[in-house]
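Colleague: Give me coordinates for this.
(one chain, ligands or ions: 1)
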Amino acid sequence: MSNSSTNTEFNPLISLNWRGSYLELLDQRLLPESIVMLDLYTPEEIWDSIHSMKVRGAPAIGIAAAFGVVLGAAQYQKEDRAGWLEKVKEVCDYLATSRPTAVNLFWALDRMYGAAVQLSEDSNQLSISALNEGLAQEAIAIRAEDEEVCRQIGEHALPLFEDGMGVLTHCNAGGLATAKYGTATAPMYLAKEQGIHLKIFADETRPVLQGARLTAFELQQAGINVTLITDNMAGMVMSKGWIQAVIVGTDRVAANGDVANKIGTYSVAVLAKAHGIPFYVACPMSTIDLNTPTGAHIPIEERAPEEVTEGFGKRTAPQGIKVFNPAFDVTPNDYVTAIITEKGIVRAPFDQNLKALYSESIS
Ligand code: MRU
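Modeller: Down below sits the predicted model:
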């Protein structure tokens, strides 16, 4: 099915839907040309969808993995609680190998395993199928909470933006990367709801083009004023005075406030600082990883050279050329103006303030 309409209401494409016995997943690799929903029944299909980026974006990866655990646990046939829990652990460990950088993946898997432990301890009378239902409820809750959290991020972020501002974003931290609303895009959708007019510039985001294929697509569908630029135009549009704020998502925030996000984010942050433009990072608390001390400790995924040399089936580099293709980079905390979460806005000193926000959110 191809889609060429423009929504007048906020009625976005939803990237993941749980259908009771399978996960319906939007194949994001095919956007914007085709809207194809895949029905996934096994943890292997979920693993492949995360690894091959049919589903991508930190929160969406976590949600998909949570349902992968549900699908894996449902394969266990015996009425043996210890065996069931072992199976859940095995599926979690397997799904954890699908991609390395977004901490939401590991956060969601830890939460699912924790729920499985609790279910198996708390409900001695229950059958394995009831435990499986409990696990499904946990994944459904993760998805529902993400939607709510993204909206709250938008509410906290919105006062940072004024009518008429130019706002640059990189990659896709949009509704497609989450349950709904996105993180970096949440204030854009809320601004639209409230009649605040923002002029969004979306970086194309080489080499997988999440900015062009996904961000430009979803904002255009929502009727938001969006202009697509290639990555190497960001400095030029800033120098023209067209950008008053940058807002991006993140795959992992280290304890000191260093931020890993899509490759090219660091360059945008440096450009923003050079032009005196605030650089905001929007993310759920589940993206903040206090166990990772600094950005240098964040594992950075390297992807296949073909993404650079023959992206989308067209060879654009000589055969045999050496390629370096990291999928993410780290923006040091001193380039970050503020981190916007569902619990509020955090500014420097990030090491102290992130820890304080975390303790508040669990107390
Ligand atoms: O490789 P991707 O497309 O999964 O990278 C996604 C990003 O870098 C996003 O900005 C990040 O995950 C935040 S999504 C709300």
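Colleague: And the strands in the chain?
Modeller: For the chain, the strands defined by DSSP state E cover 16-18, 23-26, 37-40, 166-169, 199-203, 226-229, 245-248, 252-254, 259-262, 279-282, 288-289, 328-331, 338-341, 344-346.
Colleague: So for the ligand, which of the ones you listed sits nearest?
Modeller: With respect to the ligand, and counting by CB to the nearest ligand atom, the nearest of these is strand 259-262 at 3.4 Å. The C-beta positions use only the backbone N, C-alpha and C, and glycine is treated the same way.
Colleague: Just checking that closest one against the ligand, any contact.
Modeller: Yes: applying CB under 6 Å from any ligand atom, one finds strand 259-262 in contact with the ligand at 261-262.
Colleague: Residue of the chain closest to the ligand, please.
Modeller: Relative to the ligand, the nearest point of the chain is residue 249 (2.8 Å; CB to the nearest ligand atom).
Colleague: OK, contacts around that residue?
Modeller: Counting by CB atoms under 8 Å, 6 or more residues apart in numbering, residue 249 makes contact with 57-58, 171-173, 177, 182-184, 261, 281-283.
Colleague: just how off-centre is stretch 125-144 within its chain?
Modeller: For stretch 125-144, the gap between its own C-alpha mean and the chain's C-alpha mean amounts to 24 Å (CA atoms, centre = their mean, to the nearest Å).
Colleague: Show me which residues of that stretch are buried.
Modeller: Neighbour counts over stretch 125-144 (16 or more other CB atoms under 10 Å) mark 128, 131-132, 134-136, 138-139, 142-143 as buried.
Colleague: shaky segments in the stretch 101-250 of the chain?
Modeller: For the stretch 101-250 of the chain, the stretches flagged by pLDDT under 70 are 123.
Colleague: Tell me the residues of it that contact the ligand?
Modeller: Looking at the ligand, the residues of the stretch 101-250 of the chain close enough under CB under 6 Å from any ligand atom are 102, 171, 173, 177-178, 182-183, 210, 249-250.
Colleague: mind checking which of the strands of the chain is nearest residue 110?
Modeller: strand 288-289 (11.4 Å; CB to CB).
Colleague: Give me the helices and strands touching that closest one, please.
Modeller: Using 3 or more CB pairs under 8 Å, 6 or more residues apart in numbering; DSSP states H and E as the contact test, the elements touching strand 288-289 are strand 252-254, helix 350-362.
Colleague: Contacts for that strand next, please.
Modeller: If you take CB under 8 Å, 6+ apart as the criterion, strand 288-289 is touched by 103, 252-255, 298, 339, 341, 354, 357-358.
Colleague: Any part of it near the ligand?
Modeller: No: using CB under 6 Å from any ligand atom, strand 288-289 stays clear of the ligand, coming no nearer than 12.6 Å.
Colleague: Show me what that strand pairs with in its sheet, parallel or antiparallel.
Modeller: Based on DSSP bridges, the pairing partners of strand 288-289 within the sheet are strand 252-254 (parallel).
Colleague: about what we covered before: save the helices and strands packed on strand 288-289 as a markdown table, and put in mean pLDDT, distance to the ligand and mean neighbour count too.
Modeller: As requested, the helices and strands packed on strand 288-289 are exported to a markdown table (pLDDT from 0 to 100; distance: least, CB to the nearest ligand atom, whole Å; neighbours: other CB atoms under 10 Å):
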| stretch | mean pLDDT | distance to the ligand | mean neighbour count |
| --- | --- | --- | --- |
| strand 252-254 | 98 | 9 | 28 |
| helix 350-362 | 90 | 17 | 15 |
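Colleague: Can I get the ones you listed in TSV including distance to residue 86?
Modeller: As requested, those are arranged in TSV below (distance: least, CB to CB, whole Å):
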stretch	distance to residue 86
strand 252-254	29
helix 350-362	29
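Colleague: Figure out which of those is closest to residue 315.
Modeller: Closest approach to residue 315 among the helices and strands packed on strand 288-289 is made by strand 252-254 (33.1 Å; CB to CB).
Colleague: how much space between residue 349 and residue 157?
Modeller: 21 Å (CB to CB, to the nearest Å).
Colleague: Show me which of those two is the more surrounded one.
Modeller: Per other CB atoms under 10 Å, whichever of residue 349 and residue 157 has more neighbours is residue 157, with 25 against 12.
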